[in-house]
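Colleague: this one's sequence-less:
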């Protein structure tokens, strides 16, 4: 028994070291958060780097109205008032290198229309100018109806609802949500990344034709367990690096008690559900992976299995909105969604103890069944070369 | 010699195919036992059952290792499978340590013994290379090293010569003989019978999952190995009349001046030469025993050997 365990851990060590020595894995660990940050912050970054050039527009004001240039975002548009005649504005604007000009006369206040002449065709936005003119037009019309601007602003003010819990303060609720996001999201990433790595590891093992050599030293179950534990550790290393870098930064930049999430009293429960969830999906992935020749030859049903960890994401929105509702309860009892949903609901503090207990039992039983079935499939599937197994073949392996 | 591996009435069925149909044999300490047969004979299925990769439907497989037959029985066996490869992006030294470790060796011991084997194969300079940098033959030698570096009591080699050039085949044969001389019980499976008969002490001939022949190679050759005469003569009419209806001649075939003659089982070279007509003009003559392949064809495929159908260089 001790020998078998020792060999299982040798497989684990080999999987971990082989990946840690793999440049692609190391680059992936650091590149993934960089990519997330990059794609998240790229639009803002690009906007800052590539600010539009300042544009200048001349205008001639033939009305009594005063354009309030300080009110409203004109952005990069500079309005330059021309003091000359209607005939001279085009030439003056052109000589000054301005982008265009317009003339504000009484017809604007009567018809609500104004023409901006530009010297070159342009796709640039003049939304700021439009807002400014709109404001002037509204001001003019309100005065026409004898209404004060302040009166209109007061009448059209939006109602605001602020929810204040009597049970706990805002900060505590924020902490719960953050805990739910961190642990639920962390488990989701663990399932996605480690799951795909496990699949590729099984496929690579078949491609390298190492299975029989390994099986001459250790049982199929031991080999499978070694791989699963190895990729769990790799997933934890990956998430550990992401959290290690990301959480202190997030804690510094945002006013949320992120680090407090790790001192949550329900932490042991999170770990139990995360472990069971990982083992269940890992057994499923490694079992299915062993039936495939390569990733291209995966059938639709095989590919669908790898989409299963996404199931909780489909219901996470309604669960957050109504954590005590029917969907949340069903999601907590269904083993494929239970790990993430129970963690989220526990973090939010809205799950009865009996639901946690039943969910844990269902999850444990499912994990054991999946592991036993996966071991049977793995034993035969890993020695099958040249083609992917059909569904009926897999059923036959399970029966024997 | 002590029996290291004993197989009793082992049966294995895959769906409706009977892969192994109740075979029994044993492998003894210090001998090379060849499991022979064409592709699909059931050799690999039998070996996978020995390695506990597949379980037999019935029958028993037992070991008698000096180091004990307990949980660590796999540490007493070295196995080179037919479907073989190595982790392509791993280094030779790491593979030696990893696979040696799975057989219970400390990392340093595994690497030190691995280096000794690499030296035998002239691959010491490749110790730190990645597998993908080696040629197929070199990788195969590394793989052989990984399955013997823990000094197994029983070594199972499934098609060890496939993919090797003639020089490497000779080197491999020599190392296999050396291991047997040191006391290792070796079970060697192959469909290349001409290669195997050069190294095996005993053979187990299989076809369609069943035993065809089993025993000492020399005894089998004596029992089933007729002699074949290759003779060149310009006096074809004289030779034909001698061969026709001769009870010492099993069959014969002519191609212009070349004759291929198969003698009856009990007729040896001396007797054949003695009965040849004195006035027959012979340009060339050679008398050899038929190959193991011919014996297989004769026994497994039913009926007596027909000289016309023999393949001379398998």
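Modeller: Now that the structure is in, tell me what you want to look at. This structure is a prediction, so every number in the text was calculated from the model and none was measured.

Colleague: how about the strands in the chain?
Modeller: If you meant another chain, say so; for now it's chain A. Applying DSSP state E to chain A gives strands spanning A:55-61, A:77-81, A:100-104, A:116-118.

Colleague: Can you look at chain B instead?
Modeller: B:3-14, B:17-28, B:32-36, B:58-63, B:77-80, B:154-158, B:185-190, B:202-207, B:210-216, B:227-233, B:249-255, B:258-263, B:282-289.

Colleague: avg pLDDT for the shortest one?
Modeller: Yep, that's strand B:77-80 we're talking about. For strand B:77-80, the mean pLDDT works out to 92.

Colleague: Tell me the helices and strands packed up against that strand.
Modeller: If you count contacts as 3 or more Cβ pairs under 8 Å, 6 or more residues apart in numbering or on different chains; DSSP states H and E, strand B:77-80 packs onto helix B:136-148, strand B:154-158. All C-beta spots, glycine's among them, are computed from the backbone N, C-alpha and C.

Colleague: Highest mean neighbour count out of those?
Modeller: Per residue and on average, the most neighbours among the helices and strands packed on strand B:77-80 fall to strand B:154-158, with a mean of 24 (mean count of other Cβ atoms under 10 Å in any protein chain shown).

Colleague: next one: it to chain centre, how far?
Modeller: Chain-centre distance of strand B:154-158: 11 Å, with Cα atoms, centre = their mean, to the nearest Å.

Colleague: just to revisit the earlier point, kindly reformat the strands of chain B as CSV and extend each row with distance to residue A:278.
Modeller: Listed next are these as CSV, based on distance: least, Cβ to Cβ, whole Å:
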stretch, distance to residue A:278
strand B:3-14, 34
strand B:17-28, 38
strand B:32-36, 43
strand B:58-63, 37
strand B:77-80, 32
strand B:154-158, 37
strand B:185-190, 41
strand B:202-207, 45
strand B:210-216, 48
strand B:227-233, 67
strand B:249-255, 70
strand B:258-263, 68
strand B:282-289, 64
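
Colleague: Of all those strands, which one comes closest to residue A:309?
Modeller: Comparing the strands of chain B by their distance to residue A:309 (Cβ to Cβ), the top pick is strand B:3-14, with 34.3 Å.

Colleague: Now do the contacts for residue B:209.
Modeller: Counting by Cβ atoms under 8 Å, 6 or more residues apart in numbering or on different chains, residue B:209 touches B:12, B:18, B:19, B:20, B:21, B:23, B:41, B:42, B:45.

Colleague: of all the residues you listed, which two lie farthest apart?
Modeller: B:12 and B:41 (12.7 Å).

Colleague: care to break the chain down by domain?
Modeller: In the absence of a named chain, chain A is used. Domain assignment for chain A, taken from automatic domain parsing, gives A:55-155, A:169-399.

Colleague: nope, chain B please
Modeller: According to automatic domain parsing, the domains of chain B span B:3-222, B:226-289.

Colleague: Out of these, which is closest to residue A:131?
Modeller: Comparison of the domains of chain B against residue A:131 by Cβ to Cβ identifies domain B:3-222 as nearest, at 60.6 Å.

Colleague: and the closest one, how far from the chain's centre?
Modeller: Mean-position distance between domain B:3-222 and its chain equals 11 Å (Cα atoms, centre = their mean).

Colleague: Kindly report the same for stretch A:125-135.
Modeller: 35 Å.

Colleague: buried stuff in that stretch?
Modeller: A:126, A:129, A:132, A:133 (16 or more other Cβ atoms under 10 Å in any protein chain shown).

Colleague: contacting residues for the first one?
Modeller: With contacts defined as Cβ under 8 Å, 6+ apart, the neighbours of residue A:126 are A:77, A:116.

Colleague: Just want the phi and psi numbers for it.
Modeller: Phi and psi for residue A:126, reported as degrees, to the nearest 10, are phi -120, psi 30.

Colleague: Could you tell me how far it is located from residue B:149?
Modeller: Distance, residue A:126 to residue B:149, using Cβ to Cβ, to the nearest Å: 79 Å.

Colleague: same thing with the second one?
Modeller: As judged by Cβ to Cβ, residue A:129 and residue B:149 stand 82 Å apart.

Colleague: ditto for the last one
Modeller: When Cβ to Cβ is applied, the distance between residue A:133 and residue B:149 equals 87 Å.

Colleague: hmm, who's touching stretch A:325-338?
Modeller: A:273, A:277, A:280, A:308, A:311-312, A:315, A:318-319, A:322, A:341-342, A:345, A:350-351, A:355-356, A:358-359, A:362-363, A:366-367.

Colleague: mind running it again at 7 Å?
Modeller: Contacts of stretch A:325-338 with the rest of the structure, by Cβ atoms under 7 Å, 6 or more residues apart in numbering or on different chains, involve A:280, A:308, A:311-312, A:315, A:318-319, A:322, A:341-342, A:345, A:351, A:355, A:358-359, A:362-363, A:366.

Colleague: Among the residues you listed, which ones are in helices?
Modeller: Judged by DSSP state H, these include A:280, A:311-312, A:315, A:318-319, A:341-342, A:345, A:355, A:358-359, A:362-363, A:366 as members of helices.

Colleague: The residue lying closest to residue A:199 once chain neighbours are set aside - how many residues pack around it?
Modeller: Using Cβ to Cβ, 6 or more residues apart in numbering or on different chains and skipping residues adjacent in sequence, the residue nearest residue A:199 is residue A:289, 4.1 Å away. Burial of residue A:289 is recorded as 30 neighbouring residues (other Cβ atoms under 10 Å in any protein chain shown).

Colleague: In contact with residue A:289, which residues?
Modeller: Taking Cβ under 7 Å, 6+ apart as the test, what residue A:289 contacts is A:198, A:199, A:202, A:203.

Colleague: what's the answer for residue A:233, then?
Modeller: Residues counted as contacts of residue A:233 (Cβ under 7 Å, 6+ apart) are A:12, A:16.

Colleague: which residues in the stretch 51-200 of chain A form helices?
Modeller: For the stretch 51-200 of chain A, applying DSSP state H, counting those that start in this stretch gives helices covering A:89-95, A:106-111, A:127-144, A:149-155, A:170-207.

Colleague: burial of residue A:267, as a residue count?
Modeller: By other Cβ under 10 Å, neighbour count at residue A:267 equals 13.
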